[in-house]
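Student: what's the 3D shape of this:
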Amino acid sequence: GQRKGGKGWADAIRDGWKEGKTLFSDIGEVVRRASIVEYLLSDAGQKEQWPLVNSLLRKGQALSFSHGFSVVFKEQTGVVPPPDVDVILVAPKGAGRTVRSNFLAGSGINASFAVHQDATGRARDRALALGFAVGSGYLFPTTFENEVFSDLTGERGVLMGAIAGIMKAQYDTLRSKGHSPSEAFNETVEEATQSLYPLVGRNGMDWMFAACSTTAQRGALDWSRRFEAAVKPLFDELYKSVKEGRETRRVLESCSAPDYRDRLQRELDEWKNSEMWRAGAAVRSLRPENWVKTSGGTRPADRRKVSTAKSSARNERKSAAARRRTPSRSGKKAAR
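Tutor: Numbering: from 1, shown residues only. Take a look at the predicted model:
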């Protein structure tokens, strides 16, 4: 089901879906026609639409989720499937856009699968078939509970929340010590995402430790233990908050507020307009793949961002020159 006239509807038509045959805008019609109901609304949307969906489910259908939220935290969502339907889960380990782009490229992304309720004796087979259908070459078993506990912890932790916080802390530290926005961003984000993280993804952190310079190796090995000790209590607190339902309650209350979208947009704009991520936009515009061809050669796609980057570069050169002219405490000229 898609909202008729929306972007998702237009995308589906372009991909070959046929209105009235394989593409519908009415959720009730989808549930009545389906043998497997893919319940992929937002978590708040699943709570809102559940009374309708539940009233139309029939014996032998499968109700499929990509997240354990609604079923595990049923006290908050009210989602309690009837006993005569299969309840299954296939949870790709990546963003929906990545799942789609990999599928179009003929590959896939790893996924977990689970059976919460097997009414037909075919629930496991149905879950595995769905996983393979979306391109997952590797599926590993889990439970609805373990999926939602690990997923919410990961999103708030190293997948997004923690990494964003750590990046900002390092960027702000470098800026407070006199480093330019360009240098602070490159040393915090750009080198990590464009050079190191892809290598870790392909080869592992153990390989990264073994393959880097001896200076980086010694420092990374030493400080990794310090960071682990510092953040482990925070992760324990986070997991407890997830398991006890505080995180899901926060999501449902926030998303159901009448001014939710306005408040969310203000938060997102704060990130987008921060110095760190404005510097990031300028740095990204200077990547070779983001330059455009012109009759006179090539130029950055956004001249304004490049102007910002050039201004930062000029400021860096001025600061470096000033440091070279400033005597150190020992009377010798400072050196970089």
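Student: Count the neighbours of the closest residue to P92 other than its chain neighbours for me.
Tutor: Counting by CB to CB, 6 or more residues apart in numbering, A111 is the residue found nearest to P92 once chain neighbours are left out, at 4.3 Å. All C-beta spots, glycine's among them, are computed from the backbone N, C-alpha and C. Per other CB atoms under 10 Å, the neighbour tally for A111 reads 25.
Student: and if you look at F144?
Tutor: The number of residues near F144, taken as other CB under 10 Å, comes to 22.
Student: Equivalent analysis for the one 4 residues further on, please.
Tutor: A count of neighbours around V148, defined by other CB under 10 Å, yields 26.
Student: Kindly report the same for the one 5 residues further on.
Tutor: By the measure other CB under 10 Å, the count of residues near T153 is 21.
Student: Test my guess that it contacts V242.
Tutor: Yes. T153 is in contact with V242 according to CB atoms under 8 Å; the separation is 5.5 Å.
Student: from what I can see S182 touches G280, true?
Tutor: No. Assessed by CB under 8 Å, S182 is found out of contact with G280, at 9.9 Å.
Student: contacting residues for the residue nearest to W9 when sequence neighbours are not counted?
Tutor: Sequence neighbours aside, Q2 is the residue nearest to W9 in space, at 4.4 Å (criterion: CB to CB, 6+ apart). Neighbouring residues of Q2 by CB atoms under 8 Å, 6 or more residues apart in numbering: 8-9, 12, 23-25.
Student: which pair in these spans the largest distance?
Tutor: G8 and F24 (12.2 Å; CB to CB).
Student: which ones are touching G245?
Tutor: Counted by CB under 8 Å, 6+ apart, G245 has contacts 73, 75-76.
Student: And the buried ones among the residues you listed, selectable in PyMOL?
Tutor: Buried residues within the contacts of G245, by 16 or more other CB atoms under 10 Å, are selected in PyMOL with:
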select buried, resi 73+76
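Student: now, which of the contacts of G245 sits nearest P198?
Tutor: The closest of those, once distances to P198 are taken by CB to CB, is F73, at 35.4 Å.
Student: that older thread, which neighbours do S182 and G280 have in common?
Tutor: With CB under 8 Å, 6+ apart as the test, S182 and G280 reach no residue in common.
Student: Go through stretch 270-282 and flag the buried ones.
Tutor: 276-277, 279-280, 282.
Student: average pLDDT across it?
Tutor: For stretch 270-282, mean pLDDT is 97.
Student: Can you tell me which of the contacts of Q2 is nearest R287?
Tutor: G8 (30.0 Å).
Student: tell me which element that closest one is part of?
Tutor: helix 7-14 (DSSP states H and E).
Student: ditto for G135
Tutor: G135 belongs to no helix or strand, assigned by DSSP H and E.
Student: Would you check that it makes contact with G108?
Tutor: Yes. Between G135 and G108 a contact is recorded at 2.9 Å, counting by CB under 8 Å.
Student: overlap in contacts of the two?
Tutor: 99, 102.
Student: Turn the contacts of G245 into a markdown table, including distance to S256 and secondary structure.
Tutor: Converted to a markdown table, the contacts of G245 look like this (distance: CB to CB, whole Å; DSSP: H, G, I helix; E, B strand; the rest coil):
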| residue | distance to S256 | secondary structure |
| --- | --- | --- |
| F73 | 14 | coil |
| E75 | 16 | helix |
| Q76 | 11 | helix |
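Student: Save the contacts of G245 as JSON lines, and put in pLDDT and distance to L221 too.
Tutor: Below are the contacts of G245 laid out as JSON lines (pLDDT from 0 to 100; distance: CB to CB, whole Å):
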{"residue": "F73", "pLDDT": "98", "distance to L221": "40"}
{"residue": "E75", "pLDDT": "98", "distance to L221": "45"}
{"residue": "Q76", "pLDDT": "97", "distance to L221": "43"}
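Student: and L63, how many residues sit next to it?
Tutor: Counted with other CB under 10 Å, L63 comes out at 25.
Student: Equivalent analysis for T193, please.
Tutor: 13.
Student: ok, now how distant is it from R100?
Tutor: 21 Å (CB to CB, to the nearest Å).
Student: got it, and V71?
Tutor: From V71 to R100 the distance is 25 Å (CB to CB).
Student: Those two: which is more packed in?
Tutor: V71 (24 against 17).
Student: Pretty sure the more buried one sits against I88.
Tutor: No. Counting by CB under 8 Å, V71 stays clear of I88, with 10.4 Å between them.
Student: Next, the contact list for G280, please.
Tutor: G280 neighbours (CB under 8 Å, 6+ apart): 185, 189-190.
Student: any residues in contact with both of V71 and I88?
Tutor: Going by CB under 8 Å, 6+ apart, residues that sit against V71 and also against I88 are 65, 116.
Student: can you pull out the helices in the stretch 201-336 of the chain?
Tutor: 205-211, 214-243, 246-255, 260-272, 275-285, 303-325 (DSSP state H, counting those that start in this stretch).
Student: These: which one's closest to L159?
Tutor: Closest among those, using CB to CB: helix 214-243, at 12.1 Å.
Student: buried ones in that closest one?
Tutor: In helix 214-243, counting by 16+ other CB under 10 Å, buried: 231, 238-239, 241-242.
Student: Repeat that for stretch 139-150.
Tutor: Those would be 139, 142, 144, 147-150, for stretch 139-150 by 16+ other CB under 10 Å.
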